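>>> Sequence isn't available, so here's the structure alone:
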């Protein structure tokens, strides 16, 4: 499996925009998550974000919060997520990016956490509540374990902070499309177009846009604005949670294929 940055380099050489679906590990159960990861991998995903369920997910909207709550109530813990990644990652083409809050990392110990996720097969890491000022505590050891730590740029970030985040972020830059939490929005904010252009002035790293993309038209819009990736979370989590696991998996497969078609190179 390629690294996150290698995956983006390959896609850029092919003139393709990446599709990055998000799932919450353990919702509705770990076996369904494993099947969903494999389905996404063969249905057009280029990279996959896997959320570690957490009791106080500050950046997540109601759909993903509910998924995390269900997963935790089912007994899912970090060790279970790592075992899942270890089991599934050898069968995937798409690199797995773990999405977790900082407290579980501190609880496990930074070195231990990074060593374990690397051994499990994860390639990237997103920590939404890790500010730039404290990122160095993770950035340096992550690099030693072959884990690329991606930092987030908010729509409210001033130019000097955007430039500093772009310089430090690994793998790609995660551009948050809207203020507030994750969730499905009816339209993309035009500010995103300006932010992508602003980032292009200070970095040649890949830019992924997330928080709010829920429709194929929105994914295509951010691609046309110059994004290197469309990150889609709540819309996948919602589909997987509705009906039986088999019905949820079918809905995820069809939606992934539709999204992939919407951002296919012309």
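Structure's in. What do you need? Computed from a prediction, not measured in an experiment: that's the story for all the values here.
>>> Show me which residues of stretch 86-96 are buried.
When neighbours are counted by 16 or more other CB atoms under 10 Å, the buried residues of stretch 86-96 are found to be 88-89, 92, 94-96. C-beta here means a position set from N, CA and C on the backbone, and glycine is covered the same way.
>>> and that stretch, how far out from the chain's middle?
Centroid separation for stretch 86-96 versus its chain: 15 Å, with CA atoms, centre = their mean, to the nearest Å.
>>> what's the span of that stretch from first residue to last?
11 Å (CA to CA, to the nearest Å).
>>> need the contact list for residue 191.
Residue 191 makes contact with residue 155, according to CB atoms under 8 Å, 6 or more residues apart in numbering.
>>> Can you tell me how far residue 40 is from residue 72?
22 Å (CB to CB, to the nearest Å).
>>> Residue 123 too?
As judged by CB to CB, residue 123 and residue 72 stand 25 Å apart.
>>> same thing with residue 153?
29 Å.
>>> what about those two, which has more around it?
Neighbours were counted for residue 153 and for residue 72 using other CB atoms under 10 Å; residue 153 has more, 24 against 16.
>>> Quick one, grab the pLDDT at the residue lying closest to residue 92 once chain neighbours are set aside.
Distance criterion CB to CB, 6 or more residues apart in numbering; nearest residue to residue 92, sequence neighbours excluded, is residue 41 at 4.7 Å. Among the per-residue scores, residue 41 holds a pLDDT of 98.
>>> quick one: contacts for residue 41?
Neighbouring residues of residue 41 by CB under 8 Å, 6+ apart: 48, 91-94.
>>> can you do 10 Å?
Contacts were defined as CB atoms under 10 Å, 6 or more residues apart in numbering; by that measure residue 41 touches 21, 47-48, 88, 91-94, 96, 256.
>>> For the chain, give me the ranges with low pLDDT.
Along the chain, segments meeting pLDDT under 70 span 57, 59-60, 178-189, 265-266.
>>> hmm, 90 instead?
The chain contains residues with pLDDT under 90 at 1-2, 55-62, 154-157, 177-192, 211-212, 264-266.
>>> Now do the helices in this protein.
Counting by DSSP state H, the chain has these helices, from start to end: 4-13, 30-42, 62-73, 78-88, 102-108, 110-120, 136-144, 159-168, 191-200, 216-224, 234-241, 245-262.
>>> the inter-axis angle of the third one versus helix 234-241?
Read it as helix 62-73. Angle of helix 62-73 versus helix 234-241, following axes from the mean of the first three to the mean of the last three CA atoms, to 10 degrees, is 50 degrees.
>>> The chain should start at 56 in everything you say after this.
Let's use 56 as the start, then, which means that last one is helix 117-128.
>>> when you compare where helix 117-128 runs with where helix 85-97 runs, what's the angle?
140 degrees.
>>> pull the longest strand from this protein.
Counting residues, the longest strand found in the chain (DSSP state E) is strand 73-79.
>>> what lines up beside that strand in the sheet?
Applying DSSP bridges to the sheet, strand 73-79 is found paired with strand 103-106 (parallel), strand 284-287 (parallel).
>>> Pick the most deeply packed of the ones you listed.
Among these, strand 284-287 has the highest mean neighbour count (mean count of other CB atoms under 10 Å), at a mean of 28.
>>> Any idea how far it is from the middle of the chain?
Computed by CA atoms, centre = their mean, the separation of strand 284-287 from the middle of its chain amounts to 8 Å.
>>> now do stretch 281-291
On CA atoms, centre = their mean, the centre of stretch 281-291 falls 8 Å from that of its chain.
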